[in-house]
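Colleague: Could you work out the structure for the sequence below:
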Amino acid sequence: MIEHLQDTVTLNNGVKMPGFGLGVYKVDEEVAVDSVKAALENGYRSIDTASFYNNEKGVGKGIRESGVPREEIFITSKVWNDEQGYEETLEAFERSLEKLGLDYLDLYLIHWPVKGKYQDTWKAMEKLYNEGKVRAIGVSNFHVHHLQDLMSNSKVKPVVDQVEYHPHLSQEKLRAFCEEADIKLEAWSPLKKGRLFDEPVISELADKYGKTSAQIILRWDVQNNVITIPKSTHAHRIKENADIFDFTLTDEEVTRISSLNKDDRTGKNPDSFDE
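Modeller: Next up, the predicted model:
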């Protein structure tokens with residue numbers, strides 16, 4: 001479990017990744033510049049984007065304008081569904097790199113498990129990894145069976161599976177599988193777009209610790225050893241989201257929050273998404 005904002009977790013290839021970062025899902029290009037700068041100014045060192053978000057240029061600009069050295073920042077991007085396939089992925093990676101204005105990525109993910117394509121996509125990502133163009137490769141929105149299928153035909157194991165994860169979707173089976181396989185689980189939409197804030201358990205704990213509901217949920221992520229990347233476009237909220245390292249939930253409280261699970265998604269099910 002990380003104990004400070006800039007603490008890292010060690011991925012299965014030895015690369016160290018911050019356990020907490022900023023997500024910029026579909027943030028406007030210009031807004032992304034300021035969001036990234038605000039995050040980096042407040043101590044964040046991990047930024048998560050994707051080609052689908054259409055803001056890689058803004059993310060890159062924010063990184064450059066922040067003044068924080070490139071080597072201190074962990075940058076993730078993802079290959080989108082219509083970019084998948086072997087050659088297509090190699091081309092998509094170069095486009096992302098160019099938009100970001102970078103020489104390499106720290107982490108590159110398959111955004112969704114597009115049937116019939118993600119195996120070839122992974123082979124391209126292995127090539128990028130072996131050539132040193134990306135420090136680590138992983139997946140997003142993969143169920144256990146997708147991971148099993150991928151690993152049965154691959155040479156490099158994914159380091160991360162980034163999935164929708166929050167108290168209404170605690171993904172215990174997937175989390176247990178990833179822990180056993182030494183794959184880090186990473187949470188997107190950890191706050192369920194604010195739809196968890198009125199849960200009585202969350203509100204009660206927020207009052208007890210003098211924290212916001214968001215901070216209670218993000219602390220639950222951290223104590224479950226799940227990498228988390230909350231999205232915000234407001235500097236004060238970006239700072240507030242990371243202010244979760246001065247208190248600790250009890251084991252019973254973590255369990256109470258986990259018991260809120262409803263297997264309820266805000267996004268698509270990876271077995272039935274629109275490819």
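
Colleague: Check which helices and strands the longest helix seen in the chain is in contact with.
Modeller: Ranked by residue count, the top helix of the chain under DSSP state H comes out as helix 86-100. Judged by 3 or more CB pairs under 8 Å, 6 or more residues apart in numbering; DSSP states H and E, helix 86-100 is in contact with helix 56-66, strand 74-79, helix 118-130. All C-beta spots, glycine's among them, are computed from the backbone N, C-alpha and C.

Colleague: Just the buried residues of the first one, please?
Modeller: Judged by neighbour count using 16 or more other CB atoms under 10 Å, the buried positions of helix 56-66 are 56-64, 66.

Colleague: For the protein, which segments count as strands?
Modeller: For the chain, the strands defined by DSSP state E occupy 8-10, 16-18, 22-23, 46-48, 74-79, 107-110, 137-140, 160-164, 184-188, 227-228.

Colleague: returning to that earlier point: which member of the buried residues of helix 56-66 is positioned nearest Val15?
Modeller: Nearest to Val15 among those, counting by CB to CB, is Ile63 at 18.6 Å.

Colleague: Per-residue confidence, the residue of the chain positioned farthest from its centre, what does it come out as?
Modeller: Distance from the centre of the chain peaks at Lys208, with 28.6 Å (CA atoms, centre = their mean). Per-residue pLDDT puts Lys208 at 98.

Colleague: Kindly report the same for the one 3 residues further on.
Modeller: Each residue has a pLDDT score; the one for Lys211 is 98.

Colleague: and if you look at the one 3 residues further on?
Modeller: On the pLDDT scale, Ala214 is placed at 98.

Colleague: Identify the residues contacting Phe177.
Modeller: Contact analysis of Phe177 by CB atoms under 8 Å, 6 or more residues apart in numbering lists 144, 147, 183.

Colleague: For His145, see how far away the residue nearest to the first one when sequence neighbours are not counted is.
Modeller: This means Val144. Once flanking residues are discounted, Val144 sits nearest to Phe177: 4.8 Å by CB to CB, 6 or more residues apart in numbering. Distance, Phe177 to His145, using CB to CB, to the nearest Å: 10 Å.

Colleague: got any residues that touch both of the two?
Modeller: Joint contacts of Phe177 and His145 (CB under 8 Å, 6+ apart) do not exist.

Colleague: Mind checking the pLDDT average for stretch 157-174?
Modeller: 98.

Colleague: What's the end-to-end length of that stretch?
Modeller: The first and final residues of stretch 157-174 sit 16 Å from each other (CA to CA, to the nearest Å).

Colleague: Just the buried residues of it, please?
Modeller: For stretch 157-174, by 16+ other CB under 10 Å, it's 157-171, 174.

Colleague: returning to what we had before: enumerate the positions of the longest helix of the chain that are buried.
Modeller: By neighbour count on 16+ other CB under 10 Å, the buried set for helix 86-100 is 86, 88-90, 92-93, 96-97, 99-100.

Colleague: Looking at those residues, which one is closest to Pro18?
Modeller: Among those, and counting by CB to CB, the member closest to Pro18 is Leu100, at 17.5 Å.

Colleague: how close does the closest one sit to Phe93?
Modeller: Leu100 is 11 Å from Phe93, by CB to CB.

Colleague: Might you report the residue contacts of Tyr25?
Modeller: Counting by CB under 8 Å, 6+ apart, the residues that Tyr25 touches are 50, 53, 188-189, 231.

Colleague: Which of those residues fall in helices?
Modeller: Using DSSP H, none of the contacts of Tyr25 sit in helices.

Colleague: Adding neighbour count, pLDDT and distance to Glu72, write those out as TSV.
Modeller: Shown next, in TSV, are the contacts of Tyr25 (neighbours: other CB atoms under 10 Å; pLDDT from 0 to 100; distance: CB to CB, whole Å):
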residue	neighbour count	pLDDT	distance to Glu72
Ala50	25	97	22
Tyr53	21	96	22
Trp188	21	97	23
Ser189	20	95	27
Lys231	20	96	22
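
Colleague: CSV for those, including distance to Lys239?
Modeller: Output for the contacts of Tyr25, formatted as CSV (distance: CB to CB, whole Å):
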residue, distance to Lys239
Ala50, 24
Tyr53, 22
Trp188, 20
Ser189, 20
Lys231, 14
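
Colleague: Out of those residues, the closest to Ser35 would be?
Modeller: When the contacts of Tyr25 are ranked by distance to Ser35 (CB to CB), Lys231 comes first, at 8.5 Å.
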